[in-house]
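A.B. asks: Please find the sequence and the predicted model below.
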Amino acid sequence: MIKTVKIFTLIFMCVSLFSCTSNKGELTEKLTAEEQFEYFEQHNNEWKLLKPDLLELIAMKKELQELITELNKLADIPQIVTPMPTNTEQANLINAAPKSKKIPTNTISTNPPYAIQLGSYSQLSKLKQVWSDIQVNEAVLLNNKTAISEKTTKNKVTFYRLKAIPYDKESAKKACEILIKQQHSCIVSTPYGKAL
């Protein structure tokens with residue numbers, strides 16, 4: 001039945017084309033009915049080849065639209081970017097480990113023997129501000145943790161490391177993984193330093 005409809009459609013199209021045109025003196029330039037039928041048959045076969053792919057694309061349309069919506073939502077989320085020091089030598093100094101393991105007097109040392117270092121700054125006053133900001137943004141993670149500062153000198157420049165205690169080794173690693181994903185600086189460290 002469908003083939004019959006297609007054949008009638010093709011015949012109707014052929015008749016329509018020939019009835020609307022004048023073919024005097026142009027018979028050599030125009031296609032005969034057989035050639036037109038072959039032409040339409042060729043296009044029909046091409047359509048049959050493309051049809052499964054088109055149906056698959058139509059079926060995937062909803063999934064693609066949902067994916068695009070999700071990607072647009074992710075693009076709208078503001079990214080928190082921490083400014084990097086412009087002087088790479090200074091940045092290397094800030095992140096450098098201390099040469100000596102001397103424990104200063106009035107030092108807090110806890111058991112378990114791990115801390116997380118949240119940054120290193122050239123001004124001691126900056127530590128309290130950074131600690132307050134991190135506590136607000138990461139309140140659940142830093143609940144019941146104490147801030148300490150460790151003074152260190154590298155190439156005659158004094159730095160103050162901001163640390164949070166107490167941690168065991170595994171919980172310190174997990175806390176740093178979470179903080180790094182949230183665009184914070186964090187390394188597992190020793191719990192030496194003075195209370196803020």
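C.D. replies: Nice, thanks for sending it over.
A.B. asks: would you list every one of the strands in the chain?
C.D. replies: 114-121, 146-154, 157-167, 187-189, 194-195 (DSSP state E).
A.B. asks: The longest one pairs with which strands, parallel or anti?
C.D. replies: According to DSSP bridges, the neighbouring strands of strand 157-167, each with its direction, are strand 114-121 (antiparallel), strand 146-154 (antiparallel).
A.B. asks: Just the pLDDT at Pro191, thanks.
C.D. replies: pLDDT, Pro191: 89.
A.B. asks: what number of residues lie near the closest residue in space to it that isn't next to it in sequence?
C.D. replies: With sequence-adjacent residues excluded and distances taken as CB to CB, 6 or more residues apart in numbering, Pro191 is closest to Ala115, at 4.0 Å. To be clear about C-beta, it is placed using only N, CA and C from the backbone, and glycine gets the same treatment. Neighbours of Ala115 under the rule other CB atoms under 10 Å: 29.
A.B. asks: Now do the contacts for Ala115.
C.D. replies: 148, 163-167, 172, 188-193 (CB atoms under 8 Å, 6 or more residues apart in numbering).
A.B. asks: Return the most buried member of the strands of the chain.
C.D. replies: Stretch with highest mean neighbour count among these: strand 114-121 (a mean of 23; mean count of other CB atoms under 10 Å).
A.B. asks: Quick one: mean pLDDT over that one.
C.D. replies: Strand 114-121 comes out at a mean pLDDT of 92.
A.B. asks: Just the C-alphas of that strand, formatted as CSV.
C.D. replies: Only the C-alpha atoms of strand 114-121 are listed here, as CSV (Å, rounded to 0.1, in the frame of the first residue of the first chain):
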residue,chain,number,x,y,z
TYR,A,114,49.4,16.1,62.0
ALA,A,115,48.0,19.4,60.9
ILE,A,116,46.9,21.0,57.7
GLN,A,117,48.7,24.0,56.4
LEU,A,118,46.3,26.5,54.9
GLY,A,119,48.8,29.1,53.7
SER,A,120,51.9,31.0,54.4
TYR,A,121,51.9,34.8,54.8
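A.B. asks: what's in contact with stretch 145-152?
C.D. replies: 98, 104, 108, 115, 120, 124, 127-128, 131, 158-167, 191-196.
A.B. asks: for the longest helix anywhere in the chain, packing partners?
C.D. replies: Using DSSP state H to define each element, the chain has its longest helix at helix 33-76. Where contact means 3 or more CB pairs under 8 Å, 6 or more residues apart in numbering; DSSP states H and E, helix 33-76 is packed against helix 2-20.
A.B. asks: Quick one, which of the strands of the chain gets closest to Glu41.
C.D. replies: strand 187-189 (72.1 Å; CB to CB).
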